[in-house]
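1. Provide a 3D model corresponding to the input given below.
(2 chains)
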Amino acid sequence: RKEVEQDPGPFNVPEGATVAFNCTYSNSASQSFFWYRQDCRKEPKLLMSVYSSGNEDGRFTAQLNRASQYISLLIRDSKLSDSATYLCVVNPRGGYQKVTFGTGTKLQVIP
Amino acid sequence: NAGVTQTPKFRILKIGQSMTLQCTQDMNHNYMYWYRQDPGMGLKLIYYSVGAGITDKGEVPNGYNVSRSTTEDFPLRLELAAPSQTSVYFCASSSTGLAPYNEQFFGPGTRLTVL
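-> Presented below is the predicted three-dimensional model:
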């Protein structure tokens, strides 16, 4: 099993739709989780951290399910500008050298 | 505050040539990283550094070398370039290595082709 797994997509959704991505991780000792966004041929940029109690940032909601070892990202009211690849990032406590990036889920928002 | 800068943006090398990819950050971050990203793949850690004078191997270090003489700079050296090193190279930095505060800031990348 891969350390971090994501559905590569693409997820093609119309503007205004709600879309959700999941990311599963294999290391139960994982302590921190992030979602990064990567536009085509650009560098990854932090979208949001994922907290144990779940967290929201505008139209974006991140959730963590430790029992089933997955994190999720929910995007409401999708915009054309949300089209990008979303990378899941997982690392264990203090394990900076063990940070693992998922291969990403591609989202295409259609007019 | 420029963040993380990388040069060059693009480079074509012939097999067997060598080059250095430059990375500089102006955020006074102790931790710096080099990744490569092949098409459709995730980022693979090549080398990382926890401070000036300290470097260590990541997941895919073969064919690369690094040095960290200052906090700001973390160059990546390719010796004897091979086609398998064709990739996009990203440099990143973070203020700390401790989760969950170790958000990484990335440079714009260097697109390298080895022919």
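2. hang on, B:D38 packs against B:S87?
-> Yes: judged on Cβ atoms under 8 Å, B:D38 makes contact with B:S87 at a distance of 5.2 Å. C-beta here means a position set from N, CA and C on the backbone, and glycine is covered the same way.
3. between these two, which one's more packed in?
-> B:S87 (21 against 12; other Cβ atoms under 10 Å in any protein chain shown).
4. bridged to the more buried one, which residues?
-> Beta-bridge pairing for B:S87 (DSSP bridges): B:L112.
5. tell me where the model's unsure across the chain.
-> No chain in the question, so chain A it is. Chain A contains residues with pLDDT under 70 at A:92-98.
6. right idea, wrong chain: chain B
-> For chain B, the ranges with pLDDT under 70 are B:97-101.
7. distance of the residue minimising distance to the centre of it from chain A?
-> With distances taken as Cα atoms, centre = their mean, B:W34 lies nearest the centre of chain B, 2.7 Å away. B:W34 sits 12 Å away from chain A, taking Cβ to the nearest Cβ, to the nearest Å as the criterion.
8. which bits of chain B sit near chain A?
-> Within chain B, the positions lying close to chain A (Cβ under 8 Å from any Cβ of the partner chain) are B:31, B:35, B:40-43, B:45, B:48, B:50, B:56, B:58, B:88, B:90, B:94, B:96-100, B:102-109, B:111.
9. please flag which of those residues sit within helices.
-> Within the residues of chain B next to chain A, no residue falls in helices by DSSP state H.
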